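Trainee: build me a structure from this.
(2 chains)
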Amino acid sequence: MIMVEHLTKRYGPHTVVDNVSFHCERGTVTGFLGPNGAGKSTTMRMICGLTPPTDGSATVAGRPYRQLPNPGREIGVLLDASAQHSGRTGRETLTLAATTMGVDRSRVAEALDLVGLNAVAARRRVGAYSLGMRQRLGLALALLGDPRVLILDEPANGLDPEGIYWMRGLLRDFADRGGTVLLSSHLLREVEAVADRLLVIGGGRIVAQGARDVLLADTGTLVRARDSDSLRLTLQRAALDVTADTNGGFVVHAEPGVVGQAAADAGLVLTELRPAADGGLEQLFLTLTAGATTKEAVK
Amino acid sequence: MTMTAEPTTEADTRVAAARPSIARLTSIELRKLTDTWAGRWLLAAIGLIAVAIAVVQLFVLDDAEQTFTSFLSPSLLPVGLLLPVVGILSITSEWTQRTALTTYALVPHRERVVLAKLAAVVLAALASVLVSLAVAAAGTLAAKATGGAGSWDGEWALVLNAAVFQLVNVLMGAAFGLLLLNTPLAIVGYLLLPTVWSILATMISALQGPANWLDTSITMEPLYGSEMTAGQWGRLAVSVLAWVAVPLVAGLLRTLRREIS
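Mentor: Numbering: from 1, shown residues only, chains lettered A, B, ... in the order given. This next block holds a predicted model:
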């Protein structure tokens, strides 16, 4: 439903999005992961025709977004929950959108109800909303036109744990009924829990994509020793593929047995040795985006 | 909280959603003019100014001078000063409040949104003329009742000229808003640039010739009355081209190409 081909965005000498290609199938939730500034939002804005790409193209439901006659009926978009007029009430914000899309006004009350904004909240001005309420309003806006595709940028931002759990159920349900969801996040746990497919971006490039289970199964071994430097040297001497994580440990592309043997041969004391998949997506994420952006990723 | 976000899966059964008509977009833009406190107060202020001026005229004018024209004409300038703010806000608030993200995601044909906004502010300007006329009429009746002349001295041309005056004002505001896409910048630019040009023209004799064609305070002056010669229309057209059409086209191009974030 969402096809992205070689999307590239350059601002002067800076390449923010670099040759990004992927597609999202019907009935799936795709988690778009990356540290802040990795190019997630820019990619999503390009898909939605809001940012002109330097190169490449994107289509939704077979057409470039800007050629869709009434995109709100096809795609629900939430790119920034704070981007609402602070002087309008929640209900008015939705009513304007409903009128634009030509959906029945009764959908406004339904959508408010669906996202858990009660009548009192609906009458309040958006300026008085908390971030969590704005996210709910944004989600209501995205669902208003009864779309088949959802594109959500950091929708869990500002939601409380109960709200995150609720949203996870909503998105899963949406996909299970045949919808397509692309959601970005740097809240790794959130994406791991709901996404079928993962798309990891770092420094503007897709560094990994595929089914969640496959990606997570292939993350190697996490190892930690009292003496990190010696461990690194030992592993490198053993010709193993080593990536440092941020906590003095290493992710090694090898079986735990092989790594343990190498450490034992060198007489090193290990404090941790386990399949990195146990650390789940977080480890994958840290591994793949290690480098200049890692500090942002772990916050 | 229920969880019934139901995506429609069968593309074929879905009614092909038509794009929103310009009329519908215009009605939405009109609604946006009035659905915030700021917008409501701005429009109310325009109405109140017209009323206040009519009341003042009732007291300060000699009885013989209390005619329809004397109630209508003085309200045109202050109303014409606020109307452009309506035009500016209609366009720039999308960017300062960042609602452009939603507006242009729902209607990616940006030129249609801009067209609807222009139509909405034009309708608002015409409505302001109707308000001015109604207030002037009420003033005239009140003058008659209180012993003033209360005569209907206006000609239809007066109404036409008032409408043209307010249309030029509101469109000039909208054009500046479209060009600068920033509320304070557009308001300051709209108020300052023509004034600076007027001041320069009075200081530099070489500019006085062009000023007769390009200074809107000069070219729009005859619109307060009912007499407009062909030459005056011509000069008005040239100044409108320079101060309305040029920024409007440049601003439209800017809006079409601008990245929305």
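Trainee: around chain B, pick out the residues from the stretch 101-250 of chain A.
Mentor: A:101-102, A:113-114, A:116, A:141, A:143, A:145-149, A:166, A:169-170, A:173-174, A:177-180 (CB under 8 Å from any CB of the partner chain). All C-beta spots, glycine's among them, are computed from the backbone N, C-alpha and C.
Trainee: just the buried residues out of these, in PyMOL syntax.
Mentor: Buried residues within these, by 16 or more other CB atoms under 10 Å in any protein chain shown, are selected in PyMOL with:
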select buried, chain A and resi 101+102+113+114+116+141+143+145+146+147+148+149+166+170+174+179+180
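Trainee: so which of the residues of the stretch 101-250 of chain A next to chain B sit within strands?
Mentor: Secondary structure assignment by DSSP state E places A:149, A:180 of those in strands.
Trainee: so which of the residues of the stretch 101-250 of chain A next to chain B are in helices?
Mentor: Among these, the members found in helices (DSSP state H) are A:101, A:113-114, A:141, A:143, A:166, A:169-170, A:173-174.
Trainee: out of those, who's nearest residue A:19?
Mentor: Out of these, the one with the shortest distance to residue A:19 is residue A:174. That distance is 29.7 Å, counting by CB to CB.
Trainee: hmm, residue A:150 and that closest one touching each other?
Mentor: Yes: here residue A:174 reaches residue A:150: they are 6.4 Å apart, a contact under CB atoms under 8 Å.
Trainee: thinking again about what came up before, can you redo the ones in helices among the residues of the stretch 101-250 of chain A next to chain B as a markdown table with pLDDT?
Mentor: Listed next are these as a markdown table, based on pLDDT from 0 to 100:
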| residue | pLDDT |
| --- | --- |
| A:101 | 95 |
| A:113 | 95 |
| A:114 | 94 |
| A:141 | 97 |
| A:143 | 96 |
| A:166 | 93 |
| A:169 | 94 |
| A:170 | 94 |
| A:173 | 95 |
| A:174 | 96 |
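Trainee: with distance to residue B:178 added, can I get those in JSON lines?
Mentor: JSON lines is the format used below for these (distance: CB to CB, whole Å):
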{"residue": "A:101", "distance to residue B:178": "25"}
{"residue": "A:113", "distance to residue B:178": "38"}
{"residue": "A:114", "distance to residue B:178": "36"}
{"residue": "A:141", "distance to residue B:178": "25"}
{"residue": "A:143", "distance to residue B:178": "32"}
{"residue": "A:166", "distance to residue B:178": "41"}
{"residue": "A:169", "distance to residue B:178": "44"}
{"residue": "A:170", "distance to residue B:178": "39"}
{"residue": "A:173", "distance to residue B:178": "42"}
{"residue": "A:174", "distance to residue B:178": "38"}
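Trainee: re the thing from before, shared neighbours, residue A:174 and residue A:150?
Mentor: Shared between the contact lists of residue A:174 and residue A:150 (criterion: CB atoms under 8 Å, 6 or more residues apart in numbering or on different chains) are residues residue A:181.
Trainee: low pLDDT regions in chain A?
Mentor: For chain A, the stretches flagged by pLDDT under 70 are A:217-219, A:277-299.
Trainee: which residues in it form helices?
Mentor: Going by DSSP H, chain A shows helices at A:40-47, A:90-101, A:106-114, A:119-123, A:131-143, A:161-176, A:188-194, A:212-217, A:228-237, A:256-265, A:280-288, A:294-297.
Trainee: OK, now which residue of the stretch 51-200 of chain B is nearest to chain A?
Mentor: The minimum distance from the stretch 51-200 of chain B to chain A, using CB to the nearest CB, falls at residue B:98 (3.7 Å).
Trainee: residue A:135 touches residue A:153, doesn't it?
Mentor: No: counting by CB under 8 Å, residue A:153 is not a contact partner of residue A:135; they are 10.6 Å apart.
Trainee: what about the two, which has more around it?
Mentor: For residue A:135 against residue A:153, the residue with the higher neighbour count under other CB atoms under 10 Å in any protein chain shown is residue A:135, and the figures read 25 against 22.
Trainee: who's in contact with the more buried one?
Mentor: Residue A:135 touches A:78, A:81, A:155-159, A:163, counting by CB under 8 Å, 6+ apart.
Trainee: ok, back up a step: where does the residue of the stretch 51-200 of chain B closest to chain A land in three-state SS?
Mentor: Secondary structure assignment for residue B:98 (DSSP: H, G, I helix; E, B strand; the rest coil): coil.
Trainee: most tightly packed of the helices of chain A?
Mentor: With neighbours taken as mean count of other CB atoms under 10 Å in any protein chain shown, the helices of chain A reach their highest mean count in helix A:40-47, at a mean of 25.
Trainee: which helices and strands sit right next to that one?
Mentor: In terms of contacts (3 or more CB pairs under 8 Å, 6 or more residues apart in numbering or on different chains; DSSP states H and E), helix A:40-47 is packed against strand A:2-11, strand A:14-24, strand A:29-33, strand A:55-60, strand A:149-153, strand A:180-185.
Trainee: now the angle from that helix to strand A:14-24?
Mentor: Calculated by axes from the mean of the first three to the mean of the last three CA atoms, to 10 degrees, helix A:40-47 forms an angle of 70 degrees with strand A:14-24.
Trainee: contacts made by helix A:40-47 with the rest, please.
Mentor: Identification of contacts with helix A:40-47 by CB under 8 Å, 6+ apart yields A:2, A:4, A:7, A:9, A:16-17, A:20, A:32-34, A:51-53, A:58, A:60, A:65, A:79, A:151, A:153, A:182, A:184, A:201, B:259-261.
Trainee: could you do stretch B:180-187 as well?
Mentor: Where contact means CB under 8 Å, 6+ apart, the residues beyond stretch B:180-187 that reach it are B:85, B:88-89, B:91-93, B:95-96, B:173, B:176-177, B:179, B:189, B:251, B:254-255, B:258.
Trainee: pull the CA atoms of it into PDB?
Mentor: Included here for stretch B:180-187 are C-alpha records, laid out as PDB according to Å, rounded to 0.1, in the frame of the first residue of the first chain:
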ATOM      1  CA  LEU B 180       5.700  36.300   3.700                       C
ATOM      2  CA  LEU B 181       3.900  33.400   5.400                       C
ATOM      3  CA  ASN B 182       4.500  34.900   8.800                       C
ATOM      4  CA  THR B 183       1.900  36.900  10.700                       C
ATOM      5  CA  PRO B 184       4.000  39.800  12.200                       C
ATOM      6  CA  LEU B 185       6.200  40.100   9.100                       C
ATOM      7  CA  ALA B 186       3.100  40.300   6.900                       C
ATOM      8  CA  ILE B 187       1.300  42.800   9.100                       C
END
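Trainee: contact residues of the stretch 51-200 of chain B facing chain A?
Mentor: Residues of the stretch 51-200 of chain B lying close to chain A (CB under 8 Å from any CB) are B:93, B:97-102, B:104-109.
Trainee: one more time with 6 Å
Mentor: Counting by CB under 6 Å from any CB of the partner chain, the stretch 51-200 of chain B comes close to chain A at B:97-99, B:101, B:105-106, B:108.
Trainee: how many other residues sit next to residue 64?
Mentor: Answering for chain A, as no chain was given. Residue A:64: 14 neighbours (other CB under 10 Å).
Trainee: please go with chain B instead
Mentor: Count around residue B:64 with other CB under 10 Å applied: 9.
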